[in-house]
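Engineer: Below is the sequence, then the predicted model.
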Amino acid sequence: MSRVTPSDDPIVVVLNRDLRVHDHPALAAALSASVRVVPLFVLDPTVLDGPFAAPNRVGFLVDSLRDLRRSLRERSGTLFVRSGDPVEESLRVAHEVGARAIHASADVGSHAQRRERRFAEACAEARLGLRTFPGVTVVPPGEVRPSQGGDTYRVFTPYWRAWRAHPWRPLAATPRRVPVPTGLAAGRIPAWHRLVGGDRSPAVAPGGETAGRLRLRRWSASSHDDDGRRDDLAADATSRLSPYLHFGCLSPLEVATRIGDQRGGEPVVRQVCWRDFHHQVTADHPRMSSVELRPRGDRWRGESEELDAWREGLTGYPIVDAGMRQLRHEGWMHNRARLITASFLTKHLYVDWRRGADWFLRWLVDGDIANNSANWQWVAGTGTDTRPNRVLNPLRQADRYDPEGEYVRRWVPELADLDGRSIHRPWLRHGPWSEAAGYPDRLVDLDDAAAAFRARRG
Ligand SMILES: Cc1cc2nc3c(=O)[nH]c(=O)nc-3n(C[C@H](O)[C@H](O)[C@H](O)COP(=O)(O)OP(=O)(O)OC[C@H]3O[C@@H](n4cnc5c(N)ncnc54)[C@H](O)[C@@H]3O)c2cc1C
């Protein structure tokens, strides 16, 4: 078989949510087609001025860029960084180095899709090749579709079956060397606080592929045999890989392959499949963050004192407040707590899920359009949940998933003197609003609020 000789003209690899060297199809393809590549990240002011630019995520992004530059330098390359419009800056760099093509990983949100269309037009005009590659999900959105037609799977279980049966691409080779053109300025990676105002959470995870791989290694070495622990709030037994998957510091395919091969790994592969599921819905409905997939005629409430109390973790329901305070402190929240807090906001307080999703995006280091919006819509019953009117009772959830009250004790210290399950019902000990307890009374009566919600849905 004849080997294709790599060309001397460089290829620009525009990075975005794929900040890694392992299993990077766009980078690997560039390295086999050309003797030199230009790994490039463009800091886009339209993103950095928008709701995406939460300090927790911008900090994680900067950590990840620095880490990637380090590992590319170890491979005799570097990461090139520019600021400005990604399309204009990428073409400018391509022109400077005499590149013949641009590579990028395909993504799903409306901003990403618009950017890809603009890249296509600009590259066609400049007579530059443009190739997009998989890598943001395990199975590219659109590759698994319902056989009876329809745009996309809207129910998870049939998607999961089809996804599991679908062949996965082989992992891309990790490059040993990443030769880059000489004479091109690398560009500075600014400190995160120069890019965005506000504070980071005190206990946010460090960003970067190195930190992500370390977590993956440690977590894969632990036992996943007991699936029941996933929902145990105090055990904190899930992988916490979500921020690394969000920024592409880890390849979802590598995570699924590695963990799927282990005993007890299947439930985790299923979680990663949920991520793909929400991405394929978002690819076909890129405005998921604002437009309801299945409107139910709701006349949601907007700004209110109740919404503020929810944001601050002062609803009077300790399990809800514990989740909201974990979010602020770590920039991350356990999945079970996300379900409980989101259900409480939309179904008991009947506040618009978009307000909740915005607050999550303000803090979550893993916050992204596909997963955040699709999960919020799922909980609000306007998305892909097949039981849209279900209401999670926070007290029953607390008894089941935090039976000793350990999770609440960790995050709501003013209740620490209450033992066992009584911590979930402080009003039984302290009565309504008690200065002495320093903890507010309940915002709503659960039964009345759930009945009102069901009446609204008809
Ligand atoms: C209201 C709400 C909002 C959410 N917002 C986000 C978000 O902005 N970003 C985000 O990554 N996840 C979001 N999730 C999903 C889920 O809560 C987190 O992915 C999970 O808690 C991350 O923890 P982990 O890495 O330990 O997960 P694990 O349980 O170890 O799962 C492994 C990986 O699978 C993926 N995953 C797990 N559960 C889900 C799910 N329900 N939907 C999509 N992917 C999933 C994540 O990438 C995760 O890292 C949200 C869930 C809810 C209910």
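Structural biologist: Thanks, I have the structure now. Numbers count the residues shown, from 1 in each chain.
Engineer: Please report how far D441 lies from the ligand.
Structural biologist: 26 Å (CB to the nearest ligand atom, to the nearest Å). Heads up, the C-betas are built off the backbone N, CA and C, glycines and all.
Engineer: got it, and Q397?
Structural biologist: From Q397 to the ligand the distance is 12 Å (CB to the nearest ligand atom).
Engineer: start the count at 32, not 1, going forward
Structural biologist: With 32 as the first residue, the last one maps to Q428.
Engineer: looking at this, that residue is in a strand?
Structural biologist: No. Using DSSP: H, G, I helix; E, B strand; the rest coil, the secondary structure at Q428 is helix, not a strand.
Engineer: That one is in contact with A373, isn't it?
Structural biologist: No. Counting by CB atoms under 8 Å, Q428 sits too far from A373 to count as a contact (11.8 Å).
Engineer: By mean pLDDT, point me to the weakest helix or strand of the chain.
Structural biologist: helix 457-461 (a mean of 84; mean pLDDT, DSSP states H and E).
Engineer: buried set for that one?
Structural biologist: Residues 457-458, 461 are the ones in helix 457-461 that count as buried (16 or more other CB atoms under 10 Å).
Engineer: chain center to that helix, what's the gap?
Structural biologist: 37 Å (CA atoms, centre = their mean, to the nearest Å).
Engineer: okay if I get the buried residues of helix 457-461 as a markdown table plus distance to the ligand?
Structural biologist: Output for the buried residues of helix 457-461, formatted as a markdown table (distance: CB to the nearest ligand atom, whole Å):
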| residue | distance to the ligand |
| --- | --- |
| P457 | 25 |
| W458 | 26 |
| H461 | 30 |
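Engineer: if we can go back for a sec, CA atoms only: put the least confident helix or strand of the chain into CSV for me.
Structural biologist: Extracted in CSV, the C-alpha atoms of helix 457-461 (Å, rounded to 0.1, in the frame of the first residue of the first chain):
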residue,chain,number,x,y,z
PRO,A,457,-35.6,21.2,61.5
TRP,A,458,-39.0,22.8,62.1
LEU,A,459,-40.1,19.8,64.2
ARG,A,460,-37.3,20.7,66.7
HIS,A,461,-37.1,24.5,66.3
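Engineer: still on that earlier bit, more neighbours, Q428 and A373?
Structural biologist: A373 (25 against 22; other CB atoms under 10 Å).
Engineer: Quick check: the gap between that one and H134.
Structural biologist: According to CB to CB, to the nearest Å, A373 stands 37 Å off from H134.
Engineer: Which neighbouring residues are in contact with V422, exactly?
Structural biologist: 374, 378-379, 481, 484-485 (CB atoms under 8 Å, 6 or more residues apart in numbering).
Engineer: buried ones in stretch 435-445?
Structural biologist: 436-443.
Engineer: now do stretch 470-485
Structural biologist: Buried-residue list, stretch 470-485, by 16+ other CB under 10 Å: 470-471, 473-475, 477, 480-481, 484.
Engineer: of these, closest to R385?
Structural biologist: F484 (17.1 Å; CB to CB).
Engineer: would the closest one count as being in a helix?
Structural biologist: Yes. F484 forms part of a helix when assessed by three-state DSSP.
Engineer: I'd say it and K378 touch.
Structural biologist: Yes. If you go by CB under 8 Å, F484 and K378 touch, sitting 4.9 Å apart.
Engineer: Tell me the spacing between A401 and L110.
Structural biologist: In terms of CB to CB, A401 sits 25 Å off from L110.
Engineer: With neighbour numbers in mind, choose between these two.
Structural biologist: A401 (28 against 24).
Engineer: tell me the secondary structure for the more buried one?
Structural biologist: helix.
Engineer: Kindly state the pLDDT recorded for the closest residue to it other than its chain neighbours?
Structural biologist: Leaving aside its sequence neighbours, A401 sits nearest to T313 (CB to CB, 6 or more residues apart in numbering; 4.0 Å). On pLDDT, T313 comes in at 93.
Engineer: buried residues in the strand or helix carrying T313?
Structural biologist: T313 belongs to helix 297-315 when assigned by DSSP states H and E. Buried residues in helix 297-315, counted by 16+ other CB under 10 Å: 299-315.
Engineer: if we can go back for a sec, among the buried residues of stretch 470-485, which are in helices?
Structural biologist: 477, 480-481, 484 (DSSP state H).
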